[in-house]
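In: sequence-free structure coming up:
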């Protein structure tokens, strides 16, 4: 028979190998004390009202397995929801909420060499008393997984409060909220090493001097803290992250959301060295004019701040040595003019593009890097249309007075930090100007509008351009093949909006504009060699070689950036296989092509420019390879009129994928 023993502090204690209960003891002090090596199944709420009366109590009790379903509620002073002291290798699973309301009544306590325990809580944890937290004291190698929210409302009550504990894994999948004076979201007191702490929700604190994350005293080393939500503080002198004097080294703190403070520093370091901070954004409500900074590294050395995509409001201050601001995470397209202050300078790093010291300033280079691809895409639809005309001539179709080719294309690159989207809409018109002369000649006119976006809306370029030139669809013929030749020249008007991250303005960014002109010249040839000619089916090889040149005029973007002239000469070589089927009545023509094209910048790979008057340069992408495939059809309505369409896909070696479509009309008066 199982024994029931009444204790002084815990009214009901169950001592047995297998224990279960299914009663609801919400009106009496029915806390449970668990002895060693027990398997416990509990179904029902547990409520205690006396002081120092814990809902679940393990004291010098190890190797237990507890599967509990129900809420744990305590209202006495010093009454804990779950209490482990000197208890190791226990497994506890609770489906239910924990609520405490007395002074010093902690939600969970794991203390005094309680090691290798695993606790899983599927519910919310709430405390309304003073000095109440989730406490981890002098205990190591524990796993604590909380699927709900953690909230406290008493002064000096913290969400999670470890002290002298090592190698623990803490996961809170909900939000962590504290309300009260000096109530911290995470408070690492002292001598905590190699702990992994993950908050998958937000941290929010409200109260005088209440920090989101606080490394409080000495010896907090090599901890890995990750906040996958935001940190928000609303009290006076409430920093988002605060690291006290000599608190520890080699800690990594990552905030994948943003830090927002009403009256405090975003990150405050005081005599704290050699830690790493990865932050998506910081918004300090009262800026450095009022004594608050986004980053405040005071008497602190060798810290690294990895800034990611987000907005930053508030200056960056340091008087220490070798504190690093790394802007690589902002991406290629992001421009910024960040203010820094203090008697020493930050070390500035941006592995994507040049950054200028004296504060921290850089212009996005995604458009510079993309110029070769844009030049290829500017001429590609014209070349596709002239190649189609070349094929019709090679098949012996009659010359027409004019032809029209309208097209639309959409290309994307979704690679992180290199995002790109390019859309074009255009119209090409060809006029037969050779008349009765033996050498066929078309006059070509092309109009195009394009818009290109880089990064996460960091820069957009709207371009209107016009091209004109001559096209010889059958310049010469030899070995059953034919050569086509084209000459084109054009001009473009470009308008660009650039979003510049600026930590001195309340919005965290401003938009500046660029207006500039571009000029184009192109000469190209295509050799079409039939492989097989049947009554209905043709197989062909296309060899193309184009030389394209673009001159981009110099221009400025407000007072921040000045772009020098840039002359780009690019060689485009191509090899395609073509297949065509012509119906017996010659009204329907189906064509398919697949091939490879390569672009190489021969000259002009560098863009020279100035950032705040300081000269620098960036080397753009020099080579790109495109794998292309297309399918189209012509339909002849009469001897004088026909229409056609074509769909093309391409995939580039620079991870740009695109689709384009064109429709055309040919008429002979």
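Out: Yep, it's here. Keep in mind it's a predicted model, so treat the numbers as computed, not measured.

In: for this protein, what are the low-confidence residue spans?
Out: Residue ranges of the chain with pLDDT under 70: 1-19, 23-28, 286-290, 668-669.

In: Pick out the residue nearest the middle of it.
Out: Residue closest to the mean C-alpha point of the chain, counted by CA atoms, centre = their mean, is residue 416 at 6.0 Å.

In: Show me what counts as buried in stretch 564-571.
Out: For stretch 564-571, a neighbour-count test (16 or more other CB atoms under 10 Å) marks 566, 568-570 as buried. No exception for glycine: its C-beta is placed from N, CA and C like everyone else's.

In: so which of those would you say is closest to residue 505?
Out: Of all the buried residues of stretch 564-571, residue 505 sits closest to residue 566, with 30.3 Å by CB to CB.

In: who are the neighbours in contact with residue 650?
Out: Contacts for residue 650 (CB atoms under 8 Å, 6 or more residues apart in numbering) come out as 411, 626-629, 657-658, 660.

In: same thing but at 7 Å, please
Out: 626-628, 658 (CB atoms under 7 Å, 6 or more residues apart in numbering).

In: Over to residue 617?
Out: Contacts for residue 617 (CB under 7 Å, 6+ apart) come out as 606-609.

In: do you know how far it is from residue 365?
Out: From residue 617 over to residue 365 the distance is 10 Å, taken as CB to CB, to the nearest Å.

In: Show me which of the buried residues of stretch 564-571 is closest to residue 197.
Out: For the buried residues of stretch 564-571, the minimum distance to residue 197 (CB to CB) is 49.4 Å, reached by residue 566.

In: Could you pull out the strands in the stretch 501-650 of the chain for me?
Out: Counting by DSSP state E, counting those that start in this stretch, the stretch 501-650 of the chain has strands at residues 509-533, 537-552, 555-557, 561-563, 566-582, 588-603, 606-611, 614-619, 623-636, 641-652.

In: export these to a markdown table and tack on distance to residue 376?
Out: A markdown table is the format used below for the strands of the stretch 501-650 of the chain (distance: least, CB to CB, whole Å):
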| stretch | distance to residue 376 |
| --- | --- |
| strand 509-533 | 11 |
| strand 537-552 | 8 |
| strand 555-557 | 23 |
| strand 561-563 | 21 |
| strand 566-582 | 6 |
| strand 588-603 | 5 |
| strand 606-611 | 17 |
| strand 614-619 | 18 |
| strand 623-636 | 7 |
| strand 641-652 | 9 |
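
In: for the closest residue to the residue nearest to the centre of the chain other than its chain neighbours, what are its contacts?
Out: Of all residues not flanking residue 416 in the chain, residue 331 sits nearest, at 7.9 Å (CB to CB, 6 or more residues apart in numbering). With contacts defined as CB under 7 Å, 6+ apart, residue 331 is in contact with 309, 352, 417, 455.

In: Could you say which helix or strand holds residue 331?
Out: For residue 331, there is no enclosing helix or strand under DSSP states H and E.

In: any idea how far residue 617 is from it?
Out: Separation of residue 331 from residue 617 (CB to CB): 20 Å.

In: can you count the residues close to the closest residue to residue 395 other than its chain neighbours?
Out: The spatially closest residue to residue 395, leaving aside those adjacent along the chain, is residue 538, at 7.0 Å (CB to CB, 6+ apart). When neighbours are defined as other CB atoms under 10 Å, residue 538 has 20 of them.

In: I'd like to know the beta-bridge partner residues of residue 538.
Out: Going by DSSP bridges, residue 538 is paired in beta bridges with residue 533, residue 580.

In: Would you mind stating the distance between it and residue 475?
Out: For residue 538, the distance to residue 475 (CB to CB) stands at 20 Å.

In: does residue 407 really touch residue 664, like I thought?
Out: No: judged on CB atoms under 7 Å, residue 407 makes no contact with residue 664 at a distance of 8.8 Å.
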